[in-house]
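*Asks:* With the sequence up front, the predicted model follows.
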Amino acid sequence: AQKITQTQPGMFVQEKEAVTLDCTYDTSDQSYGLFWYKQPSSGEMIFLIYQGSYDEQNATEGRYSLNFQKARKSANLVISASQLGDSAMYFCAMREAVSSNTGKLIFGQGTTLQVKP
Amino acid sequence: EPEVTQTPSHQVTQMGQEVILRCVPISNHLYFYWYRQILGQKVEFLVSFYNNEISEKSEIFDDQFSVERPDGSNFTLKIRSTKLEDSAMYFCASRRDRLGRDYEQYFGPGTRLTVT
């Protein structure tokens, strides 16, 4: 069964510093996708970044990068130059094989990030 | 930029009542989803819908739940007889296609359901 684990319930980071949010996953599929979503206090789910299992390079989107280590089954999110607006809950999620007609996402428990001024 | 919309933003209902949560997915999307998030917990998959039928449902999605796409634009989640434990944020999401890099699921803003 697929599983996502986020071991950090809460993290603090100083404004302008970088922070890494951990995510490990477990799947028997060869083809899968990994996602990070941000959930601010207002509740909406904001897509941040995606990594496909066959992508050879780590994904980057602006200040977000995904440190993908396939052998270790980890997909950590790195936020560079943290801003106060980055304070939110962050969820790691996995999508099952592309061949599936479902494409449902399995989410981790989330990590609350607080950026200190 | 197109977005997924959900109504209402907050619904309060009494235990045992029926509720219908409404979603308008992005117009050229083919896959539709409902997820729920109990306060302070992770987001959980409820059901996926493709080609006018349920493609997968979780064990949470029991006979009290149903989904419908009545008119080609709306996507609804009905809970027939609400229970206290149905109180949660319900998210609708849609996705365009499973091929290529159209992988992103676009989430709506959510409907907060409170059952009293």
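*Replies:* Looks like it arrived, so ask away.
*Asks:* So which bits of chain B are right by chain A?
*Replies:* Within chain B, the positions adjacent to chain A are B:31, B:33, B:35, B:41-45, B:48, B:50, B:55-56, B:89, B:91, B:93, B:95, B:98-99, B:103-110, B:112 by Cβ under 8 Å from any Cβ of the partner chain. For every residue, glycine as well, the C-beta is placed using N, CA and C.
*Asks:* ok, of the residues you listed, which come out buried?
*Replies:* Neighbour-count burial (16 or more other Cβ atoms under 10 Å in any protein chain shown) applied to the residues of chain B next to chain A gives B:31, B:33, B:35, B:42-45, B:48, B:50, B:55-56, B:89, B:91, B:93, B:95, B:98, B:103, B:105-110, B:112.
*Asks:* where are the low-confidence patches of chain B?
*Replies:* B:98-103 (pLDDT under 70).
*Asks:* Once you drop chain neighbours, what's closest to the residue positioned nearest the centre of it?
*Replies:* For chain B, residue B:34 is the residue whose C-alpha lies nearest the centre (Cα atoms, centre = their mean; 2.9 Å). Distances taken as Cβ to Cβ, 6 or more residues apart in numbering or on different chains place residue B:46 nearest to residue B:34, at 4.3 Å, with adjacent residues excluded.
*Asks:* count of residues packed around the one you found?
*Replies:* Here the count is done by other Cβ atoms under 10 Å in any protein chain shown, and residue B:46 has 21 residues near it.
*Asks:* Determine whether the claim that it is in a helix is correct.
*Replies:* No - under DSSP: H, G, I helix; E, B strand; the rest coil, residue B:46 sits outside any helix and is assigned strand.
*Asks:* what's near enough to touch it?
*Replies:* B:33, B:34, B:35, B:36, B:57, B:58, B:60, B:61, B:65, B:77, B:90 (Cβ atoms under 8 Å, 6 or more residues apart in numbering or on different chains).
*Asks:* Most neighbours among those, which one is it?
*Replies:* residue B:33 (29 neighbours).
*Asks:* Give me the neighbour count for residue A:8.
*Replies:* Other residues lying near residue A:8 total 16 when counted by other Cβ under 10 Å.
*Asks:* Which residue, other than its chain neighbours, is closest to it?
*Replies:* Per Cβ to Cβ, 6+ apart, closest to residue A:8 is residue A:111, 4.7 Å.
*Asks:* picking that back up, out of the contacts of residue B:46, what pair is the most spread apart?
*Replies:* Largest separation among the contacts of residue B:46 by Cβ to Cβ: B:57 and B:90, giving 14.5 Å.
*Asks:* so after the helix or strand containing residue A:78, what's the next helix or strand?
*Replies:* Under the criterion of DSSP states H and E, residue A:78 resides in strand A:74-79. Counting by DSSP H and E, the next helix or strand C-terminal to strand A:74-79 is strand A:88-95.
*Asks:* other SSEs contacting that following strand?
*Replies:* Applying 3 or more Cβ pairs under 8 Å, 6 or more residues apart in numbering or on different chains; DSSP states H and E, we find strand A:88-95 packed against strand A:3-5, strand A:33-39, strand A:74-79, strand A:105-107, strand A:111-116.
*Asks:* strands paired with that strand, and their directions?
*Replies:* In the sheet, strand A:88-95 lines up against strand A:33-39 (antiparallel), strand A:105-107 (antiparallel), strand A:111-116 (antiparallel) (DSSP bridges).
*Asks:* got CSV for the ones you listed, with mean neighbour count and mean pLDDT too?
*Replies:* Output for the strands paired with strand A:88-95, formatted as CSV (neighbours: other Cβ atoms under 10 Å in any protein chain shown; pLDDT from 0 to 100):
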stretch, mean neighbour count, mean pLDDT
strand A:33-39, 23, 94
strand A:105-107, 23, 94
strand A:111-116, 17, 97
